[in-house]
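Undergrad: Sequence plus the predicted model coming up.
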Amino acid sequence: MNSDKLTAPRKRLSVAFLLADRFTLSAFANFVDVLRLAADEDDRSRPIFCDWTVLSTDMEPVRSSCGVKVTPDRRLRHAGRYDYIVVVGGLMGEARNLPPELITWLRTSAATGVPIVGLCTGVFLLHEAGLLDGYRVCVSWFHHQDFLDRFEGAQPVSDQIFVVDRDRLTCSGGHSAAHLAAFLVERHLGQSAATKSLSIMIIDSPLGADKPQPGAPLNLKAQDALVRRALLRMQQSIDAPETIGELSFALGVSRRQLERRFREDIATTPLRAAHGMRLEKARALLLQTESTVTQIALATGFCDAPHLIRSFRANLGLTPTEYRAEHSVLSDSSPGRSSQPTTPNDPSTLA
């Protein structure tokens with residue numbers, strides 16, 4: 001028999017996982033499934049071309065945020081050499097940090113040049129460990145403000161699905177973990193392996209790092225990636241809106257180009273879209289909270305209550321107080337009456 005057939009192929013991609021308590025199962029599962037499907041010649045899930053290991057200090061099962069537990073594969077003291085170390089974060093405010101031994105090992109590994117990956121809220125753990133200082137960091141739009149509140153002076157990227165900055169790779173979680181894994185598979189095993197994995201997972205094709213995050217639901221349905229990124233930034237800074245000049249600079253385009261792309265894609269201007277988005281948020285707060293008009297004005301980027309009142313009256317024909325009272329009456333009326341606002345849904349029509 002040919003001796004070559006007895007020699008196992010050299011692993012081209014080796015990944016270690018560190019799972020935080022209450023870790024995000026979807027981020028971990030999406031990432032590891034891309035590796036699993038790329039590791040074999042067909043769909044038999046054998047770790048031929050790449051492998052993956054869950055490390056632990058005590059080998060106790062680690063529970064995910066949904067309650068499903070994962071049993072580690074290997075103790076930290078038996079850890080080998082890996083091409084990447086992936087940290088999967090847990091529930092905000094409820095999860096414990098990684099054990100000190102894991103943090104020390106992470107820092108040592110990073111110092112030797114091993115690339116470190118943060119999935120979902122794993123970026124919080126890496127930042128707390130001092131492993132993201134000076135790096136661009138991807139954070140989910142949902143946790144953007146949490147990141148700013150916790151790390152003063154940080155400037156997270158929340159308008160892309162993942163960010164690769166030298167030997168740090170971070171992603172927003174969810175399906176973006178699959179695309180980041182596909183990026184690594186393509187780097188080490190080739191494009192066909194990455195495409196195969198995603199195809200089996202019913203994902204059309206690999207997305208690049210600069211693909212915009214979906215963000216919170218928007219009434220403005222943009223198709224242009226630049227416009228979607230701009231709208232996402234507007235969402236994230238709704239209480240302290242950027243000027244259109246600041247927005248275009250942050251996106252790396254001229255103001256004229258940004259305005260042209262907005263007109264072509266959603267038939268409005270960035271300024272009108274941002275103003276409409278802030279009014280939509282103010283309307284929601286009027287109906288969903290007991291905040292004062294002044295509090296709502298400040299939370300939605302209006303300089304004061306009179307500014308919000310003028311905008312409301314100009315666009316809706318009512319003051320915020322009148323709008324709240326009218327829709328409170330509707331919601332308390334008979335079941336046959338609609339409690340939904342009767343004004344247009346498209347924020348661009350409000351500006």
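TA: Yes, it's here.
Undergrad: does Ser199 sit in a helix or strand, and which one?
TA: helix 191-200 (DSSP states H and E).
Undergrad: And Val123, by the same measure?
TA: Element membership of Val123 [criterion: DSSP H and E] is helix 122-128.
Undergrad: remind me which residues of this structure are low pLDDT?
TA: For the chain, residues meeting the criterion pLDDT under 70 lie at 1-10, 93-96, 214-219, 329-351.
Undergrad: Domain map for it?
TA: 3-200, 216-351 (automatic domain parsing).
Undergrad: Do you have the helices of the stretch 201-350 of the chain handy? List them.
TA: Using DSSP state H, counting those that start in this stretch, the helices assigned to the stretch 201-350 of the chain run over residues 225-236, 244-251, 255-266, 270-288, 293-299, 305-316, 320-331.
Undergrad: any idea of the angle the fourth one forms with helix 244-251?
TA: This points to helix 270-288. Computed by axes from the mean of the first three to the mean of the last three C-alpha atoms, to 10 degrees, the angle separating helix 270-288 from helix 244-251 equals 100 degrees.
Undergrad: If we go by neighbour counts, what in helix 270-288 is buried?
TA: In terms of neighbour count (16 or more other C-beta atoms under 10 Å), helix 270-288 has its buried residues at 270, 272-283, 285-287. No exception for glycine: its C-beta is placed from N, CA and C like everyone else's.
Undergrad: circling back to that earlier point, of all the helices of the stretch 201-350 of the chain, which one comes closest to His78?
TA: helix 225-236 (42.5 Å; C-beta to C-beta).
Undergrad: now that closest one, how far from the chain's geometric center?
TA: On the basis of C-alpha atoms, centre = their mean, to the nearest Å, helix 225-236 sits 13 Å off its chain's mean C-alpha point.
Undergrad: same deal with stretch 107-122?
TA: Here the centre of mass of C-alpha atoms in stretch 107-122, compared against the chain's by C-alpha atoms, centre = their mean, lies 18 Å away.
Undergrad: do the same with stretch 250-268
TA: Between the mean C-alpha location of stretch 250-268 and the chain-wide mean there is a distance of 23 Å, by C-alpha atoms, centre = their mean.
Undergrad: which residue ranges form the strands in the protein?
TA: Counting by DSSP state E, one finds strands in the chain at the ranges 13-19, 50-56, 62-63, 69-70, 74-75, 84-88, 116-119, 162-165, 168-171.
Undergrad: Mean neighbour count added to those strands, as a markdown table?
TA: Formatted as a markdown table, the entries for the strands of the chain read as follows, by neighbours: other C-beta atoms under 10 Å:
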| stretch | mean neighbour count |
| --- | --- |
| strand 13-19 | 24 |
| strand 50-56 | 20 |
| strand 62-63 | 20 |
| strand 69-70 | 15 |
| strand 74-75 | 13 |
| strand 84-88 | 25 |
| strand 116-119 | 28 |
| strand 162-165 | 20 |
| strand 168-171 | 26 |
